[in-house]
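Q: When you get a sec, could you give me coordinates for this:
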Amino acid sequence: MGGSIEIQRPQIETTPRDKSAEKFESGYLVVCWNDPVNLMPYVTHVFQVVFGWERAKAERHMREVHEKGKSTLVRETFEKAEFYVHQLQKYSLQATLEKDE
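A: Sure thing, here's the model as predicted:
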């Protein structure tokens, strides 16, 4: 049994990550919808807590929710957007995740 066995390893092709992959991954929107329950100062506070926004930015989005019925808060990867939606829902806000086309 003196023969040697040659093992061939499979060739693995690697493709460098390009900008189109990043663009595709960041295509999810977090949308907050108006509701008749939550008060405007509360919504502003939640935006500050969840996103770490300054008061002016949080108020701007709160006003958009109140006046237009919804506001697109952020555009993120699926995982981050899903996390934000769950955080907003934890605070009893009506939030959804949408694919950005």
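Q: Tell me where this protein has helices.
A: 19-25, 40-51, 55-68, 78-90 (DSSP state H).
Q: any idea which of those helices is most buried?
A: For the helices of the chain, the largest average neighbour count (mean count of other Cβ atoms under 10 Å) is found in helix 40-51, namely a mean of 18. For every residue, glycine as well, the C-beta is placed using N, CA and C.
Q: and it, what does it pack onto?
A: Here helix 40-51 touches helix 55-68, strand 70-76, helix 78-90, going by 3 or more Cβ pairs under 8 Å, 6 or more residues apart in numbering; DSSP states H and E.
Q: re the thing from before, among the helices of the chain, which is nearest residue 34?
A: Across the helices of the chain, residue 34 has its closest neighbour in helix 55-68 (5.2 Å, Cβ to Cβ).
Q: what residues does that closest one touch?
A: Contact partners of helix 55-68, identified using Cβ atoms under 8 Å, 6 or more residues apart in numbering, comprise 32-34, 40, 43-45, 47-48, 51, 53, 70-71, 73.
Q: could I get the residues you listed as a markdown table with pLDDT and distance to residue 97?
A: Shown next, in a markdown table, are the contacts of helix 55-68 (pLDDT from 0 to 100; distance: Cβ to Cβ, whole Å):
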| residue | pLDDT | distance to residue 97 |
| --- | --- | --- |
| 32 | 98 | 11 |
| 33 | 98 | 12 |
| 34 | 97 | 17 |
| 40 | 96 | 23 |
| 43 | 98 | 18 |
| 44 | 98 | 22 |
| 45 | 98 | 22 |
| 47 | 98 | 17 |
| 48 | 98 | 21 |
| 51 | 97 | 15 |
| 53 | 97 | 19 |
| 70 | 97 | 13 |
| 71 | 98 | 14 |
| 73 | 98 | 11 |
